[in-house]
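Trainee: below is the sequence, then the predicted model.
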Amino acid sequence: MPPGITLAADAPELSAANTGFMLICSALVMLMTPGLAFFYGGMVRVKSTLNMLMMSFISLGIVTILWVLYGFSLAFGTDSGSLIGWSSDYVGLSGIGITQLWDGYTIPVYVFAVFQLMFAIITPALISGALADRVKFTAWALFITLWATVVYFPVAHWVWGAGGWLFEMGVIDFAGGTAVHINAGAAALGVILVIGKRVGFKKDPMRPHSLPLVMLGAGLLWFGWFGFNAGSWLGNDDGVGAVMFVNTQVATAAAMLAWLAYEKIRHGSFTTLGAASGAVAGLVAITPSGGSCSPLGAIGIGAVAGLLCAMAVGLKYRFGYDDSLDVVGVHLVGGVVGSLLVGFFATGGVQSDAKGLFYGGGFDQLGKQAVGVFAVLAYSLIVSAILAFVLDKTIGMRVSEDDEISGIDQVEHAETAYDFSGAGGGAGSRKTASAPAETVAAAPQNKKVDA
Amino acid sequence: MKLITAVVKPHRLDEIKEALQAFGVQGLTVTEASGYGRQRGHTEVYRGAEYTVDLVPKIRIEVLAEDDDAEQLIDVVVKAARTGKIGDGKVWSVPVDTAVRVRTGERGPDAL
């Protein structure tokens, strides 16, 4: 998030163009959460598809309400101690004038609040990929409520809130490399270290059940990410958002190609899952860095991220932690790579004059970036592990082993994703002309639909 | 009567169906099956993790035939199913005691 655009004239006035642009960007970012749901949903086995979709979807419900009640206030209210915000006007979004502008910008507070809400929604949803197949839905709902409150809202304040300590230090995080991706990736690692592996991890085949869904999800994420990244400049008065837009496309392309090249050399094939994963790795890495680098720099950042993430997803087998859908391997690693590479690739000529190592800026910016990375990683990892531990000891985080094996969709949601049965599709209740009357009368009057 | 069962490559189904129709077979049953023979399965890679997929998709075709037709019918199926590559499948027959046409109650060869 940039420091306020200082206009030569007086106080900024409401810009209809910027306001309309930002409302569209907010909608784009909203679409990323269903996109993520499909990205993850296609990667699990048939029996837990719906649970995976719902883990993302429920965040749209819970975090929205939290945001209105107190989340926006905690994240973007008046700073206290550089750690947390609070403004009573923001509680319930009740004391905000409809034309009241976000401080230093040309858009209303309402627009800023709803844009930031979409970030708060997708961040907990990102964690869910690591917890596939095995977490009680009530425990998950409670977890994201607590996690948003004690991890996301404060961290968003540190990174983006006026007075937040990382913000004031000059850590560059254009759209959420630390606050969103490192935050979610570290949380995922913390939680899985507490709750453990899926039954059959490393023994049973756990193939993605629908790669077309994964590709669809990756496509929606890529599309929505333009709002996420370009929108994070909160307006279009100086062209920085346009650079961010271009770099988002460039880095994503480079990362997809890098992942595919690595796979081809290492494993012999260009896979669709590799293409989708590489694209997401690139999107993650350019998120903190795209407002400070050049398009050529974006190629470098994307390529490094695609390569390192492709290598990182194998680590879970070596170290035995079940990061089911590679949230750590893609979001944590990609977020760290992108955030640190700002320290190398920042040109000093886009969002700020901070220069990276490759542009003669020395180690100064790299050091700041490292502090931001480490602070968010450590805080999120530890607090998330504690939250998961407390929930596990009280209401229990995991479904029973039997339920996990038979499939969490049926147990937690009383549904299955697909009806594969050709047989029994209503044939039992169909009255044929020749059916004897007494048989029909004798049929049990069952209100449940017998599928 | 004989029950002829063929477990074959899914993409040969249309050829087999046409060959059987040309031979004069009035009906058959097809099920999706999975299994392996000497070809074993194949390997798939997802984010670098290799999975050995043992069970390969197959089509299982079942046809009832009169005793005199059975051998010839087996030849028809085998000819239509063959690609010459590993994994073409198997065809076998077993004796059948009785068969009934549900609509009319006809029994034995009349029910075919």
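Mentor: Looks like it came in fine. Just so it is clear, the model here is predicted, and its values are computed rather than measured.
Trainee: got any ranges where chain A has weak pLDDT?
Mentor: The model of chain A has pLDDT under 70 over residues A:1-10, A:422-451.
Trainee: so B:E32, which of the three states?
Mentor: For B:E32, the assignment made with DSSP: H, G, I helix; E, B strand; the rest coil gives strand.
Trainee: wait, it sits on B:I61?
Mentor: No: counting by Cβ atoms under 8 Å, B:E32 does not reach B:I61; the two are 11.0 Å apart. (Each C-beta comes from the backbone N, C-alpha and C, glycine too.)
Trainee: start to end distance for stretch A:230-249?
Mentor: Length of stretch A:230-249, first residue to last, Cα to Cα, to the nearest Å: 11 Å.
Trainee: parallel or antiparallel, which strands does the longest strand along chain B pair with?
Mentor: The single longest strand within chain B, with elements called by DSSP state E, is strand B:56-65. The pairing partners recorded for strand B:56-65 under DSSP bridges are strand B:2-8 (antiparallel), strand B:29-35 (antiparallel).
Trainee: averaged pLDDT, the next helix or strand after the last one. What do you get?
Mentor: Proceeding C-terminally, strand B:29-35 gives way to strand B:42-46 as the next helix or strand, assigned by DSSP states H and E. On average, the pLDDT along strand B:42-46 is 88.
Trainee: now the element after strand B:42-46, going C-ward?
Mentor: Note on strand B:42-46: by DSSP H and E, the next helix or strand toward the C-terminus is strand B:49-53.
Trainee: now do that following strand: which elements does it pack against?
Mentor: Judged by 3 or more Cβ pairs under 8 Å, 6 or more residues apart in numbering or on different chains; DSSP states H and E, the packing partners of strand B:49-53 are strand B:42-46.
Trainee: tell me the contacts of the nearest residue in space to A:S128 that is not next to it in sequence?
Mentor: What sits nearest to A:S128 in space, not counting adjacent residues and going by Cβ to Cβ, 6 or more residues apart in numbering or on different chains, is A:M55, at 3.6 Å. Residues in contact with A:M55 (Cβ atoms under 8 Å, 6 or more residues apart in numbering or on different chains) are A:A37, A:Y40, A:A125, A:S128, A:L131, A:V135, A:F137, A:W140.
Trainee: compare those and tell me which is most surrounded.
Mentor: With neighbours taken as other Cβ atoms under 10 Å in any protein chain shown, the top of these is A:S128, carrying 30 neighbours.
Trainee: SS state for that one?
Mentor: helix.
Trainee: ok, now which ones touch residue 57?
Mentor: Here I'm looking at chain A. Applying Cβ under 8 Å, 6+ apart, we find A:F57 in contact with A:T33, A:P34, A:A37.
Trainee: ah, I was thinking of chain B
Mentor: Contacts of B:P57 (Cβ under 8 Å, 6+ apart): B:P10, B:E32, B:A33, B:S34.
Trainee: distance from the chain centre to the helix or strand of chain B with the lowest mean pLDDT, please.
Mentor: The helix or strand of chain B with the poorest confidence is strand B:49-53; it has a mean of 85 (mean pLDDT, DSSP states H and E). Once both centres are worked out by Cα atoms, centre = their mean, to the nearest Å, strand B:49-53 turns out to sit 28 Å from its chain's centre.
Trainee: now do the buried residues in it.
Mentor: B:A49 (16 or more other Cβ atoms under 10 Å in any protein chain shown).
Trainee: just checking, what packs against the strand or helix carrying A:W140?
Mentor: Taking DSSP H and E as the criterion, A:W140 maps to helix A:137-147. When contacts are defined as 3+ Cβ pairs under 8 Å, 6+ apart, helix A:137-147 sits against helix A:49-66, helix A:109-127, helix A:364-394.
Trainee: I'd like the next helix or strand past that helix.
Mentor: helix A:153-160.
Trainee: check which element follows that next one along the chain.
Mentor: Next helix or strand after helix A:153-160 toward the C-terminus (DSSP H and E): helix A:165-169.
Trainee: got the contact list for that next one?
Mentor: A:1, A:82-83, A:158-161, A:173, A:178, A:368, A:371-372, A:375-376.
Trainee: do the same with stretch A:76-91
Mentor: A:69-70, A:72-75, A:95-96, A:112-113, A:116, A:153-154, A:156-158, A:160-165, A:168.
Trainee: again, only using 10 Å
Mentor: Residues outside stretch A:76-91 that contact it (Cβ atoms under 10 Å, 6 or more residues apart in numbering or on different chains) are A:1, A:67-75, A:94-97, A:100, A:102-103, A:109, A:112-113, A:116, A:153-154, A:156-158, A:160-169.
Trainee: now do the contacts for A:W160.
Mentor: Listed by Cβ under 10 Å, 6+ apart, the contact partners of A:W160 are A:1-2, A:75-76, A:116, A:119, A:166-167, A:173, A:175-176, A:178-179, A:232.
Trainee: how about a cut-off of 8 Å?
Mentor: A:M1, A:A75, A:F76, A:Q116, A:F167, A:D173, A:A179.
Trainee: redo these as a markdown table? Include neighbour count.
Mentor: Compiled in a markdown table, the contacts of A:W160 are given as follows (neighbours: other Cβ atoms under 10 Å in any protein chain shown):
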| residue | neighbour count |
| --- | --- |
| A:M1 | 23 |
| A:A75 | 30 |
| A:F76 | 26 |
| A:Q116 | 23 |
| A:F167 | 20 |
| A:D173 | 30 |
| A:A179 | 31 |
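Trainee: any chance of the residues you listed in TSV, with secondary structure too?
Mentor: What follows is those, written out as TSV (three-state DSSP):
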residue	secondary structure
A:M1	coil
A:A75	helix
A:F76	helix
A:Q116	helix
A:F167	helix
A:D173	coil
A:A179	helix
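Trainee: what does the stretch 151-300 of chain A have sitting close to chain B?
Mentor: By the rule Cβ under 8 Å from any Cβ of the partner chain, the part of the stretch 151-300 of chain A lying against chain B is A:P205, A:R207, A:P208, A:E263, A:R266, A:H267, A:G268, A:S269, A:T271, A:L273, A:G274, A:S277.
Trainee: widest-spaced pair of those?
Mentor: A:P205 and A:R266 (20.0 Å; Cβ to Cβ).
Trainee: heading C-terminal from the helix ranked longest in chain B, find the next helix or strand.
Mentor: In chain B, with assignment by DSSP state H, the single longest helix is helix B:67-81. For helix B:67-81, the following helix or strand on the C-terminal side (DSSP H and E) is strand B:89-95.
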